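Q: Structure here, sequence nowhere to be found:
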Ligand SMILES: Nc1ncnc2c1ncn2[C@@H]1O[C@H](COP(=O)(O)OP(=O)(O)OP(=O)(O)O)[C@@H](O)[C@H]1O
Ligand SMILES: [Mg+2]
């Protein structure tokens, strides 16, 4: 029994230290958002890496999400003679809930592993020290551009995902008129629904990439260490997306 | 002038890696640091460039105390220094010329055109013509090391730290690196600190010699004193260094003979 206690206390201590380390690292990265970057290319490269490269995945998943929603809810609504609500239902589900979450999860699995592995390799091969040795702040050069790019790109990708979902839903709803379906799905939405969806996307983007950078920086001891940190980064960030979604929804409903 | 005063260093909870280091590195000269693997040579270089902070003691560069310097102050000091890392530490995602250009871009926001020009010049000086568009992964170990040296030279630092720059290079290339170090010292009065295992490299470029053993300085003086020292570790280093050199010249001699058929000693012929 006391052994378990000792272990839990140790675990808790590690956890608190890790959180502290995370906050310091990401805080430092965020301060640099307001400084003029040393090289704009660091930003454009990262935008390029997160944004365009994720477009096919995001659109394809959007199509499947729309298709699943419509094929599942369609017959149900038909039974109550409420087929005309199908568009509305699809729009609201996708914009407020599934769209941002699915997009974040798909993009996270790509970007998170890539980021953690890249920064991890730089850490174990002394490239981060090499950056420091030339007087460059590695956090400002490596982390800040990635976080900024994620905050900008995740909402854009989410919009693409939502659009794809609504279009595929319209095609599969079999109501003949795609345009009417799209209009209906948008009609149920308030401006703040879109605002909420995109804010979520920004929060997910920020969290996922911050975690990936943090784990990458912590890598040590060669390829093995990098692999361990990459796996952890992906698993943690996927769970974090769901937890954050739950948290944000709860808070919104409380008000 | 670089000065370390009573410096102690340990990594997290482990036992100390460097103990009571008192070191004077003269300006405009080349100081050689020797010692067996794990004796703390790399750690010593990292202390000088501020990548590691000592537990206690003081580090001075050009009579400025940099022990607790950080942020912009430290970055400014680093603009006049450069370090060649033990494995090169090239940025794998950047081409060779971009690797070389990074210090210029980061420190002086140099234009791409200027970077390309300077990079080509340095690559040629190090016998690396035609590699500028390559990725580091396409280079051999020796080539990577030379790219790392070029990257350190490009910003014309006043202090250069080399961590085993000639390991993995053939004798000709090794000589070439030594010449570059000597040239920088004589023409530009650059201060160099060189970590090496090779006695001949050390004697060729060094004016001041430092020997580390188990994190402590056991010798710090001139070449003559190094060869005369009665410290067993220093003697051991010198002896094994001379032996390697003797074997090397024997092999070179043999190589020359073998290149001329019929000139082989009969003893060897019967062995083949
Ligand atoms: N990041 C680190 N964490 C913990 N211990 C370390 C770390 N880096 C080095 N050490 C330890 O510090 C000691 C000195 O290491 P250092 O790399 O300075 O030796 P070195 O003289 O450069 O060796 P080599 O000739 O093999 O490069 C070694 O015992 C090593 O295990
Ligand atoms: Mg070393």
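A: That came through fine. Computed from a predicted structure; not experimentally measured. Numbers count the residues shown, from 1 in each chain, chains lettered A, B, ... in the order given. Ligands and ions are numbered 1, 2, ... in the order given.
Q: measure residue A:112 to residue B:151 for me?
A: From residue A:112 over to residue B:151 the distance is 30 Å, taken as Cβ to Cβ, to the nearest Å. Just so you know, the C-beta spots here come from the backbone N, C-alpha and C atoms, and that holds for glycine as well.
Q: Ignore what I typed, I meant residue A:178.
A: Residue A:178 sits 57 Å away from residue B:151, going by Cβ to Cβ.
Q: Those two: which has the busier surroundings?
A: Taking neighbours as other Cβ atoms under 10 Å in any protein chain shown, residue A:178 and residue B:151 compare with residue B:151 leading, 28 against 14.
Q: Look at the residue lying closest to that one once chain neighbours are set aside and say how many residues are nearby.
A: The spatially closest residue to residue B:151, leaving aside those adjacent along the chain, is residue B:100, at 5.0 Å (Cβ to Cβ, 6 or more residues apart in numbering or on different chains). Neighbour count of residue B:100, defined by other Cβ under 10 Å: 30.
Q: Please apply the same query to residue A:99.
A: 31.
Q: Which residues are in contact with it?
A: Going by Cβ atoms under 8 Å, 6 or more residues apart in numbering or on different chains, residue A:99 touches A:62, A:65, A:158, A:161, A:162, A:165, A:197.
Q: ok, and does stretch B:17-31 reach over to ligand 2?
A: No - Stretch B:17-31 lies out of reach of ligand 2 by Cβ under 5 Å from the ion, never closer than 11.2 Å.
Q: mind checking the end-to-end distance for that stretch?
A: 21 Å (Cα to Cα, to the nearest Å).
Q: Show me which positions of it end up buried.
A: B:17, B:18, B:19, B:21, B:23, B:25, B:29, B:30, B:31 (16 or more other Cβ atoms under 10 Å in any protein chain shown).
Q: isn't the first one right next to residue B:7, touching?
A: No - using Cβ atoms under 8 Å, residue B:17 is not in contact with residue B:7, being 10.7 Å away.
Q: Can you read off the pLDDT for residue B:267?
A: You'll see residue B:267 listed with a pLDDT of 48.
Q: no, scratch that, I was asking about residue A:48
A: Residue A:48 carries a pLDDT value of 90.
Q: Residue A:100 touches residue A:158, doesn't it?
A: Yes - using Cβ under 8 Å, residue A:100 is in contact with residue A:158, at 5.0 Å.
Q: Can you name the residues that contact the nearest residue to residue B:88 once chain neighbours are set aside?
A: Take residue B:88 and drop its neighbours on the chain: the residue closest to it by Cβ to Cβ, 6+ apart is residue B:148, 3.9 Å away. Applying Cβ under 8 Å, 6+ apart, one finds that residue B:148 lies in contact with B:84, B:85, B:88, B:89, B:90, B:165.
Q: Show me those residues that map onto strands.
A: Judged by DSSP state E, those include residue B:84 as members of strands.
Q: Can you tell me which of the contacts of residue B:148 is nearest ligand 1?
A: Distances from ligand 1 to these, taken as Cβ to the nearest ligand atom, are shortest for residue B:85 (10.5 Å).
Q: Look up the closest residue to that closest one, ignoring the ones flanking it.
A: What sits nearest to residue B:85 in space, not counting adjacent residues and going by Cβ to Cβ, 6+ apart, is residue A:126, at 5.1 Å.
Q: got a list of contacts for stretch A:115-128?
A: Contact with stretch A:115-128 is made by A:138, A:142, A:146, A:209, A:212-213, A:215-223, A:225-226, A:229-230, A:232-234, B:85-87, B:89-93, as judged by Cβ under 8 Å, 6+ apart.
Q: ugh, typo on my part, it should be stretch B:11-29
A: By Cβ under 8 Å, 6+ apart, the residues outside stretch B:11-29 that reach it are B:1-10, B:31, B:40, B:43-44, B:47-48, B:54-55, B:57, B:62, B:185, B:189-193, B:207-208, B:210, B:215-217, B:220.
Q: near ligand 1, anything from that stretch?
A: Yes - judged by Cβ under 6 Å from any ligand atom, stretch B:11-29 and ligand 1 are in contact via B:11, B:14, B:17.
Q: Emit the PyMOL select command for whichever of the contacts of stretch B:11-29 are buried.
A: To isolate the buried members of the contacts of stretch B:11-29 in PyMOL, using 16+ other Cβ under 10 Å:
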select buried, chain B and resi 2+3+4+5+7+9+31+40+43+44+47+48+54+57+185+190+191+192+193+208+210+215+217+220
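Q: check the contacts of stretch B:11-29 against ligand 1, which are close?
A: Answer for those near ligand 1 (Cβ under 6 Å from any ligand atom): B:40, B:43.
Q: Return the subset of the contacts of stretch B:11-29 lying in strands.
A: Counting by DSSP E, the part of the contacts of stretch B:11-29 found in strands is B:2-9, B:31, B:57, B:191-193, B:208, B:210, B:216-217, B:220.
Q: Quick check: nearest residue in space to residue A:90, chain neighbours excluded?
A: Once flanking residues are discounted, residue A:90 sits nearest to residue A:169: 4.3 Å by Cβ to Cβ, 6+ apart.
Q: Check what pLDDT that neighbour gets.
A: For residue A:169, pLDDT reads 85.
Q: Quick check: the gap between it and residue A:191.
A: Residue A:169 sits 21 Å away from residue A:191, going by Cβ to Cβ.
Q: Of those two, give the one with the bigger neighbour count.
A: With neighbours defined as other Cβ under 10 Å, residue A:169 and residue A:191 compare such that residue A:169 has more, 31 against 7.
Q: For the more buried one, give me its contacts.
A: Listed by Cβ under 8 Å, 6+ apart, the contact set of residue A:169 reads A:66, A:67, A:69, A:70, A:86, A:87, A:90, A:94, A:181, A:185.
Q: how about the helices in chain A?
A: A:2-31, A:40-50, A:55-79, A:86-92, A:99-124, A:127-133, A:138, A:144-173, A:178-187, A:191-218, A:222-254 (DSSP state H).
Q: which stretch among these comes nearest residue B:202?
A: For residue B:202, the closest of those is helix A:127-133, at 23.2 Å, according to Cβ to Cβ.
Q: Quick check: which helices or strands does the following helix or strand past the closest one pack against?
A: As assigned by DSSP states H and E, the chain's next helix or strand after helix A:127-133 is helix A:138. Other helices and strands packing on helix A:138, by 3 or more Cβ pairs under 8 Å, 6 or more residues apart in numbering or on different chains; DSSP states H and E, are helix A:127-133.
Q: End to end on stretch A:170-179, go ahead and measure it.
A: With Cα to Cα, one end of stretch A:170-179 sits 8 Å from the other.
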